[in-house]
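Asks: Predicted structure and sequence below. I'll ask about it afterward.
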Amino acid sequence: MKFTVVNTDPAGAARTGILVTEHGRIETPVFMPVGTLATVKGLFHKDLAEDVKARIILGNTYHLYLRPGTGIIRKAGGIHKFSGWEGSVLTDSGGYQVFSLAGKRKLSAEGYHFQSHIDGSAHFFSPENVVDIQRIIGADIIMALDECTPGDATYDYAGKSLRLTQNWLERGLARFRTTEGLYGYGQSFFPIVQGCVYPELRRQAAEHAASLDAEGYAIGGLSVGEPTEVMYQMIETVHPCLPPDKPRYLMGVGTPANILEGISRGIDMFDCVMPTRNGRNGMLFTRKGILNIKNRKWADDLSPVDPEGTSFVDTTYSRAYLRHLFTAGEMLGPQIASLHNLAFYLQLVREAAQHIRQGDFTAWKNKMVGPLETRL
């Protein structure tokens, strides 16, 4: 993987860059559609590549390990050949998914013992075998195993958790550096910066991760219940600690406004289930605000979903038609909504890059954030 910073915002930390893996060239800032099980729900790869213009999608180690399992993925020659997706892939390590299992997991210094949410079977994740699993999956970018602390964790708990995550990071990186990819192309390993909502711990985590000279860095454990302003403060805290020539990935965040605020604080990469999950439930994002397409007020509205949008959805379908699909229970409705939301997110980060290049990103961002959060 190669990463080059191309432009920087004279008024802040925002920047554009080029990230290159052996499966393609990615302009940053970038939003990565979430394809947990090697599929972005309800969408064809062709739509992702051509209309959404996605160049990298995210898969999940926990889910892919359980279904379909590493055996068939390895037999197929890796996730790209198994799924038919020709672009880049990033896999999360599965730490957050195990964290969310509540009573079905047990944490120790060695790793996670957990029960499958599918059939209750027993499994174990360690920093080492999670690297091995991601080698088999074959993602271009893979994540370290970590413990994701809840947003309301005490300082003492967060400190103990961070020490565990740092130990796991060193073990996982050692495994990564003593193994090789299986399919003839390189993989990159990103540490995850934790530390909950405590600036001192976040700085410790970022400095420790930076000292390991990885190819990129992820910021995790945010948007898990803490106030939005605290999330922004934590990004600002780690910003000066991370190498400026390496990509920064904010995990699992978030709304369009969150993404613009993240870009303004130096973040290069984002992912979130929100555009597809909310889309399947009838919530659509537009430049003028958020609309619930199921509401009666859209029944006679023949205007595009987003009158200022340029995607295939915005030039083809009306709000009235999309509402009709939802109220009639037609599966095409959630598909169109998901496609629209992803196209909107990707267009938004491309517009952000354009304004960074023009030197007026901060003024543009400040003008955009208010409308993006408005309920229509």
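Replies: Alright, I've got the coordinates.

Asks: show me what contacts Phe99?
Replies: Arg105, Glu147, Cys148 (Cβ atoms under 8 Å, 6 or more residues apart in numbering). Quick note: C-beta positions are derived from backbone N, CA and C, even for glycine.

Asks: how close does Ser126 get to Thr16?
Replies: 37 Å (Cβ to Cβ, to the nearest Å).

Asks: between those two, which one's more packed in?
Replies: Thr16 (24 against 17; other Cβ atoms under 10 Å).

Asks: ok so the more buried one is a strand residue?
Replies: Yes. Looking at Thr16 with DSSP: H, G, I helix; E, B strand; the rest coil, it is inside a strand.

Asks: Could you export the contacts of Phe99 as TSV, including pLDDT, neighbour count and distance to Arg202?
Replies: Listed next are the contacts of Phe99 as TSV, based on pLDDT from 0 to 100; neighbours: other Cβ atoms under 10 Å; distance: Cβ to Cβ, whole Å:
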residue	pLDDT	neighbour count	distance to Arg202
Arg105	86	16	24
Glu147	92	22	15
Cys148	86	23	14
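
Asks: Out of the helices and strands in this protein, which is least certain?
Replies: Least confident helix or strand, the chain: helix 95-99 with a mean of 80, by mean pLDDT, DSSP states H and E.

Asks: Distance-wise, check Gly370 relative to Tyr345.
Replies: With Cβ to Cβ as the criterion, Gly370 and Tyr345 are 18 Å apart.

Asks: So between these two, which is more surrounded?
Replies: For Gly370 and Tyr345, the more surrounded residue by other Cβ under 10 Å is Tyr345, and the numbers stand at 26 against 10.

Asks: Which of the helices or strands spans that one?
Replies: With elements taken from DSSP states H and E, the one containing Tyr345 is helix 332-358.

Asks: Helices of the stretch 251-376 of the chain, start to end?
Replies: 256-264, 274-280, 319-327, 332-358, 361-372 (DSSP state H, counting those that start in this stretch).

Asks: could you say what helices and strands the helix or strand containing Gly71 packs with?
Replies: Counting by DSSP H and E, the element that carries Gly71 is helix 70-76. Judged by 3 or more Cβ pairs under 8 Å, 6 or more residues apart in numbering; DSSP states H and E, helix 70-76 is in contact with helix 79-83, helix 127-137.

Asks: Repeat the analysis, applying 10 Å as the threshold.
Replies: Other helices and strands packing on helix 70-76, by 3 or more Cβ pairs under 10 Å, 6 or more residues apart in numbering; DSSP states H and E, are helix 61-66, helix 79-83, helix 127-137.
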